[in-house]
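Undergrad: Can you look at this prediction? I've put the sequence above it.
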Protein chains: 2
Amino acid sequence: MKNSNKFKAKIFRALSDPTRIEILEYLRDGEKCVCEIVPYLKIAQPLVSRHLAILKRNGLVMERKQGNKRLYSLSNPSVIKLIYAIDDEFMDLILKNIIEQMA
Amino acid sequence: MKNSNKFKAKIFRALSDPTRIEILEYLRDGEKCVCEIVPYLKIAQPLVSRHLAILKRNGLVMERKQGNKRLYSLSNPSVIKLIYAIDDEFMDLILKNIIEQMA
DNA sequence: ATAGTATATAACAATATTTAAATATTGTTA
DNA sequence: TAACAATATTTAAATATTGTTATATACTAT
């Protein structure tokens, strides 16, 4: 087993939650504080913090303090490419899923 | 929350295991039966079957019967692109992880 | 110092995922 | 039909993840 696959898997795992994908897409247009992310996503603050911690632990976002607030940003904007790659390459699958769900 | 993110997350989840990545990379050079995958990965057959079932359920591999055997293949070779995108875009992260692990 | 604001962390319950072991299914061959 | 080979499915145990609630920390303003 190639050792690097373990770490690729970790990155995919960090991306394997819709809330985290949403956060990453939101950060695409720049640094945001938790106080902006929470009302945007409309989910509980501690949960947002935890998702951010997971993204940070996996190197996908960076954190910066500014007074009271913590500002988060993409540490590697390529992550957006990865998310869009799914749109581009697997749209048929996504559509199939959405249609199945509606039925 | 964009609905499609739920399904993107599912695809990432399917990719979030090193064994499954290994299987997909192995299938890159063509259709293989379980009887080839098991000795290649050196893990228990039921476990391989389960990983294959997860990949199939998520539309990443296809199955075909041939006599006794079941042949698996990539249903969308783009998945390999996705795996390699990580190599290309996150190599620094992967290296950091590997180095941390060695220490 | 005190109170308030922003955020993180901890503890918990509910749920999902992973693994290993046992068993079942399907096709093949004698 | 019986025995075998290849594979899938089931089950149970262990572990991880998610969401919720409560609490802690750290900074700001008074």
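TA: Cool, the structure landed. Numbers count the residues shown, from 1 in each chain, chains lettered A, B, ... in the order given.
Undergrad: ok, now which ones touch residue A:97?
TA: Contact analysis of residue A:97 by C-beta atoms under 8 Å, 6 or more residues apart in numbering or on different chains lists B:6, B:7, B:10. Every C-beta, even on glycine, is put in place using the N, C-alpha and C of the backbone.
Undergrad: Mind doing that once more with 6 Å?
TA: residue B:7 (C-beta atoms under 6 Å, 6 or more residues apart in numbering or on different chains).
Undergrad: how about the helix or strand it falls within, does it get close to DNA strand C?
TA: Secondary structure assigned from DSSP states H and E places residue A:97 in helix A:78-102. No: counting by C-beta under 7 Å from any atom of the strand, DNA strand C has no neighbours in helix A:78-102; the shortest distance is 13.8 Å.
Undergrad: Identify each buried residue in that helix, please.
TA: Buried residues in helix A:78-102, counted by 16 or more other C-beta atoms under 10 Å in any protein chain shown: A:79, A:82, A:83, A:86, A:89, A:90, A:93, A:94, A:97.
Undergrad: what sits against residue A:50?
TA: By C-beta under 6 Å, 6+ apart, residue A:50 lies in contact with nothing.
Undergrad: Show me which helix or strand of chain A is least confident by mean pLDDT.
TA: Lowest on mean pLDDT, DSSP states H and E among the helices and strands of chain A sits helix A:78-102, with a mean of 86.
Undergrad: Would you mind getting the angle between that one and helix B:78-102?
TA: With axes from the mean of the first three to the mean of the last three C-alpha atoms, to 10 degrees applied, the angle from helix A:78-102 to helix B:78-102 works out at 130 degrees.
Undergrad: Most widely separated two among the buried residues of helix A:78-102?
TA: Maximum pairwise distance among those (C-beta to C-beta): 21.8 Å, between A:79 and A:97.
Undergrad: Quick one: end-to-end length of stretch A:63-74, please.
TA: 9 Å (C-alpha to C-alpha, to the nearest Å).
Undergrad: Is that stretch in proximity to DNA strand C?
TA: Yes: Stretch A:63-74 is in contact with DNA strand C by C-beta under 7 Å from any atom of the strand, via A:63, A:68, A:69, A:70.
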